[in-house]
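Student: no FASTA, just this:
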C-alpha cells in the first residue's frame, strides 16, 4: 500500500461524506493522519513521529514482524471456519487455558469484545435462567444492542433512569481511601442493589465488570471487592463475568489477567477477552466453566460464528502469546509501569493539579483536580494537557466520568525513556498551571521542544 | 505454521474438551480435518483433495495470493483504528459506493455480519423511532442477542410463538409457480402482518430479509416482491433492510448485489454485508442513506468499533474487490453457474427425487422430494447424498426448513469442470434411488471413483 493516496484535507472531506459521523476522530478540530507505525511510535503523513500512550489494542507494539509473518503464513495455507477440524483453535484454547484458573476451561472464539460480552450474556442467562444484570456505574461493555443497557458510560442519555452499582472508586466515590474496608463496603452496595432488584421481582443472571474499570477512570478495585461481590451474586443465582477486554494479556504486569490481582481465592465464572488479544486483528474470546458451557449446549441450538476461531485468527492469537513471553512484556510492564507511576507521583508532589495517581503495570491513571480538598474534576485542564501533549507529539487521552483522568494504556513495549519523556513534558506543561484557567498553562519552552525532537 | 501438530484423533479430543460443544462440526460422525486449501480445493491431513461447493466466505478462492500480499503489506505498515484519519477506509467506502445505488452512500465498518445486522437494527430504530421488526419465516440474521428474535431458523425453539411473514417460496409456499402474480401475493402477506401488528399497538421499524433467503432453502424472490414490500414497510414508517451477507459481491453474477435482481426501481434503505467481503478476514459493513445516518448521529452517542474499518481490514476488502474485477468472477458466476444449473436441470429429467432446481449465478439450490406430486421433502435422501458426495471428496451441504435442499455456494473460481464433476457424481449416486429409502441408494461404482481420482 502507498503511504498516502489522498492529501489529508481530501481524506477528511471523503471521510465526512462517506463514513457515518457517529464514528468520531481523535483531536476532532485537527485530526491526526497516521500512515505507519512501529512499536510504540506512530508516524503521520509528513513523517512526524508521535509517541503512542493509548493504543492498548496494539499490545505487543504496532506492526510486530512476528505477527505479520504468522498471519501471512497461515493466510497462504488455509483460512476456513470452525465446522472443519483444525489444530490452531485447539492449540490456542489450550494455551489460553494455561493462563487461567483450571475451572475456566471451555472457550468460544468470536470477532470482537462486544461479541464476547454478548455471548457471555447469553451464556449467563441460559445457565441461570435469570435475565437481569448488575453493572457498575460508568461501565462500558460494548456497542451492541444487548450491551447498551449495561453500558451507562455511553448510553446513559439514551436509556433514561436505571440503577447501577456505584463504581468502587476510593478517590471520588462514597467510600474513600480512609475507609477501613472499602472492598467490603462497596461489595455491600452490590448486595443492596440485588436486594432492591429482588423486591421488584428481578432475577439476577450476572454481574458484569471490567477487572479494572477503564472508561470509568482507570479504577483499581479495593482488596476483597470481587470475592465478596461474587459471593453475593452467586447467592442470588447469578454468575460473575470478568470483562478483561481492556485489561487482559499481562497489561497489569504481575499477573496475566487483572482479576488475578484480587487473589487466588477469587475466580470469575466467565471471562471475556478482546482488544489486545490479536494486536489489532479482529478476534475475541469467551472462557467459561464446563457447567455453563454444558447448559448452553443443552439448549440444542448450534452456535456458529462465521469468522470466529478461524485458523488465521488463532495463528495470530498464538503469535501474540509468543511475543508476550519471548519479549518478557509482563516484566516490562512491571518495570516501566512502576517507573512511570513513580515519576507521576513525583510530579504530584510538585503540581497540586494532580489529585491522584493510580494503576498497576502499564494501566495507569493520573487524575486532575481543581483543588485537592474538593477533588473537583479539572476537565478543561485535562483536555488542555492532552492537546498540548499532542503538540509535543505525544498521543494521550482522557477518561473517567468527568474526562479528568489522563490514561496510560500504551503498547507493552513502552520504554523507560518513553516514560521519562512523557513526564518531562507533563511537568513542563503544568508549570505555572496552579490557577484553574487552562489558558494560563504556558507552552513548553523551545529548549525542551528541541530535546524532544532529538529523542524522536 | 506446520500443516498438522496433532493427530486427527487428538485434535478431535482436544476440541471436545476445550471448545464449547454448541460449536458443531461438519460431518459430525466423521469430521474432516482440513490443513490447507487453494482456490476451490481443500486438502486434508493426508493430502486428499476435496472440491469445495459451499465455502462462500472464501469468495475469490481459498488463500488467494493477492489477498495475503495485501494483508501482509498493510500489517507491516500500520493497523490502527478509525479515530485516526486513514486513506484505506475512505478509498474502500468509495469503491463500495460505486457498486450501490447513489442513495446508499454512508458506510459503517464492523467485524461480522451479525455486528452489521445489529447496527442496522439500531439505525432503523433510531431513524424511525419504532421498535418492531418484520422478518421472514426461516430467516437467519445472526447469533447476537438482538438477532435471536429475528432469526426463526435457529431460534424458533427458544422463542416460542411469534409470527413471521411467510417465505416467498414458489415451490413449497402458499403461492406457487402457477400463481399469476406471486410477488404481489407474497408482498400482501407482509402487508397483512403489518396490519395485524398495528392492531396490537406495534410500530414497525424495519423489514429485514436476505436478498435471496439462503438457510431458508436458496429461495429466489418472485418478481416485484421487494418493491411492493418496501412500499408497505415505508407506509408503516419502517425501512427496508437488505441482508446481503450471503449473497453480495457478485455471487449472482449479473449484478453485484442480489437485491438488484429486483430491478432498478427497487432500492433498500440499509444494506448489510459480511461473509465474502474479506474472503474470510473478519470484516463487515452497513451501508445506508444520509438521512438514516444523520438520525443516528443526532442521538449524540459516539459509535466506536475497535477493529471495524481498520487499515488492514480495508486493505483486504479493497483487494477482494480488485480480484473480483480482474478475474471477472461475476462473468465466471454467470457462465459456470448457468452451466451447473443446466446440468442439474438435465439430472432433474432423469431423477424424480430432484423436485426443483433454482438459482442465479453461483447461488443454486437443488431440492429433493419424496415425490413430485406431494413435494414432500426428502430429508434423509439429501443427507445421504451429502455423505456420499463426501466419500467422493466433494464437500456439500443442505439447507431449507427440512434440510432437503442441496446448496451450491462455492468459491467464485468454481470451474465448468468442477460443475461437471459434481453433476456426474450426483447422477451416479442417485441412480437406482427412486425408492424413498436412503439405504437403497447404491454406492458409486469403482470405475467412477477411479475417474474422479484422476480429475483431482
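Tutor: Received, thanks. Owing to the predicted nature of the structure, the values given are computational and were not obtained by experimental measurement.

Student: what does the stretch 301-450 of chain A have sitting close to chain B?
Tutor: The stretch 301-450 of chain A comes close to chain B at residues A:301-313, A:315, as judged by C-beta under 8 Å from any C-beta of the partner chain. From N, CA and C alone the C-beta is placed, and that goes for glycine too.

Student: Recalculate using a threshold of 6 Å.
Tutor: By the rule C-beta under 6 Å from any C-beta of the partner chain, the part of the stretch 301-450 of chain A lying against chain B is A:301, A:302, A:303, A:306, A:307, A:315.

Student: Using neighbour counts, trim those residues to the buried set.
Tutor: A:301, A:303, A:306, A:307, A:315 (16 or more other C-beta atoms under 10 Å in any protein chain shown).

Student: Looking at chain A, which helix is longest?
Tutor: Counting by DSSP state H, the longest helix found in chain A is helix A:329-350.

Student: Report the buried residues of it.
Tutor: In helix A:329-350, counting by 16+ other C-beta under 10 Å, buried: A:329-330, A:332-338, A:340-341, A:343-344, A:347-348.

Student: Out of the residues you listed, which is nearest to residue B:424?
Tutor: Nearest to residue B:424 among the buried residues of helix A:329-350: residue A:329, at 55.9 Å, using C-beta to C-beta.

Student: and that closest one, what does it touch?
Tutor: Contact analysis of residue A:329 by C-beta atoms under 6 Å, 6 or more residues apart in numbering or on different chains lists residue A:412.

Student: Next: residue A:284.
Tutor: A:110, A:112, A:113, A:115, A:116, A:274.

Student: how far away is the second one from chain B?
Tutor: In other words, residue A:112. Going from residue A:112 to chain B by C-beta to the nearest C-beta, to the nearest Å gives 5 Å.

Student: Give me the distance between that residue and residue A:269.
Tutor: Distance check for residue A:112 against residue A:269: by C-beta to C-beta, to the nearest Å, it reads 21 Å.

Student: Now residue A:299. Nearest residue, chain neighbours left out?
Tutor: residue A:126 (5.8 Å; C-beta to C-beta, 6 or more residues apart in numbering or on different chains).

Student: Could you tell me whether the one you found really is in a helix?
Tutor: Yes - per DSSP: H, G, I helix; E, B strand; the rest coil, residue A:126 lies within a helix segment.

Student: Was I right to think it contacts residue A:295?
Tutor: Yes - the criterion here is C-beta atoms under 6 Å, and residue A:126 meets it with residue A:295 at 5.4 Å.

Student: Relative to the whole chain's centre, how far out is the helix or strand hosting residue A:69?
Tutor: Counting by DSSP states H and E, the element that carries residue A:69 is helix A:65-77. Here helix A:65-77 shows a centroid-to-chain-centroid distance of 26 Å under the convention C-alpha atoms, centre = their mean, to the nearest Å.

Student: Please see if that helix touches chain B.
Tutor: Yes - against chain B, helix A:65-77 shows contacts by C-beta under 6 Å from any C-beta at A:68, A:72, A:73, A:74, A:75, A:76, A:77.

Student: Flag every buried residue along the helix or strand that that helix is followed by.
Tutor: Proceeding N to C from helix A:65-77, the next assigned helix or strand is helix A:87-97, under DSSP H and E. For helix A:87-97, a neighbour-count test (16+ other C-beta under 10 Å) marks A:87, A:88, A:89, A:90, A:91, A:92, A:93, A:96, A:97 as buried.

Student: got the contact list for the fourth one?
Tutor: Which is residue A:90. Residues in contact with residue A:90 (C-beta under 6 Å, 6+ apart) are B:11, B:14, B:15, B:18.

Student: From those residues, list the buried ones, please.
Tutor: Counted by 16+ other C-beta under 10 Å, the contacts of residue A:90 give B:11, B:14, B:15, B:18 as buried.

Student: Pull the most distant pair out of these.
Tutor: B:11 and B:18 (10.4 Å).

Student: Now the helix or strand hosting residue A:422: buried residues?
Tutor: Using DSSP H and E, residue A:422 sits within helix A:416-430. Buried residues in helix A:416-430, defined by neighbour count with 16+ other C-beta under 10 Å: A:418, A:419, A:421, A:422, A:423, A:424, A:425, A:426, A:427, A:428, A:429, A:430.

Student: what angle separates that helix from helix A:329-350?
Tutor: Going by axes from the mean of the first three to the mean of the last three C-alpha atoms, to 10 degrees, helix A:416-430 is angled at 20 degrees with respect to helix A:329-350.

Student: for the helix holding residue A:69, packing partners?
Tutor: helix A:311-326, helix B:65-77 (3 or more C-beta pairs under 6 Å, 6 or more residues apart in numbering or on different chains; DSSP states H and E).

Student: Could you say which of these is packed most deeply?
Tutor: Stretch with highest mean neighbour count among the helices and strands packed on helix A:65-77: helix A:311-326 (a mean of 23; mean count of other C-beta atoms under 10 Å in any protein chain shown).

Student: and that helix, what does it pack onto?
Tutor: helix A:65-77, helix A:87-97.

Student: can you tell if the helix or strand that the shortest one is followed by touches chain B?
Tutor: Read that as helix A:87-97. Scanning forward in sequence from helix A:87-97 by DSSP H and E, the next helix or strand is strand A:106-110. Yes - residues of strand A:106-110 are located near chain B by C-beta under 6 Å from any C-beta, namely A:106, A:107, A:108.

Student: do you know how far residue A:343 is from residue B:72?
Tutor: Between residue A:343 and residue B:72 the distance is 38 Å, computed by C-beta to C-beta.
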